[in-house]
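Return a 3D structure for these sequence lines:
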Amino acid sequence: MIIFGAVLNIWTGALFKRKKTTVKPFEKPTELITAGPFKISRHPMYVGMVAVLLGMTILHGTLITFIFPVIFLFLSETLFIPYEEKNLEETFGEDI
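All right, here's what the predicted structure looks like:
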């Protein structure tokens, strides 16, 4: 899980860098990326981070560590993803 998440994040980050657009959620993107992991998920970096956190939870083997991926997922779904979706829609319109 940890390796999968790390590879997914590195791959996605490389796509952002190659397209010269921002990876930061509160900046305006200059290009809409639809290749690679974006063919499967609209937010592959969040998927990668959740995979890393779940892998760490499994590695630690304690139930209490399961709270961290849950918190991250909750914050992503309530704070970051809605803002990013709105930002993408304003920038690219119907293309998204």
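
residues in contact with the residue nearest to residue 59 when sequence neighbours are not counted?
Nearest residue to residue 59 in three dimensions, chain neighbours excluded: residue 2, at 7.1 Å (C-beta to C-beta, 6 or more residues apart in numbering). The C-beta positions use only the backbone N, C-alpha and C, and glycine is treated the same way. By C-beta atoms under 8 Å, 6 or more residues apart in numbering, residue 2 lies in contact with 51, 52, 55, 56, 59.

those helices in the chain, which residues are they?
Assigned by DSSP state H, the helices in the chain fall at 2-19, 44-60, 67-75, 81-92.

re earlier: among the contacts of residue 2, name the buried ones.
Those of these that meet the buried threshold are 51, 52, 55, by 16 or more other C-beta atoms under 10 Å.

As JSON lines, the contacts of residue 2 with pLDDT would be great.
Shown next, in JSON lines, are the contacts of residue 2 (pLDDT from 0 to 100):
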{"residue": "51", "pLDDT": "97"}
{"residue": "52", "pLDDT": "97"}
{"residue": "55", "pLDDT": "97"}
{"residue": "56", "pLDDT": "95"}
{"residue": "59", "pLDDT": "95"}
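
burial measure for residue 79, as a count.
Residues near residue 79, counting by other C-beta atoms under 10 Å, number 11.

Okay, residue 58 and residue 4: tell me how far apart.
12 Å (C-beta to C-beta, to the nearest Å).

An error on my part: the question was meant for residue 92.
29 Å.
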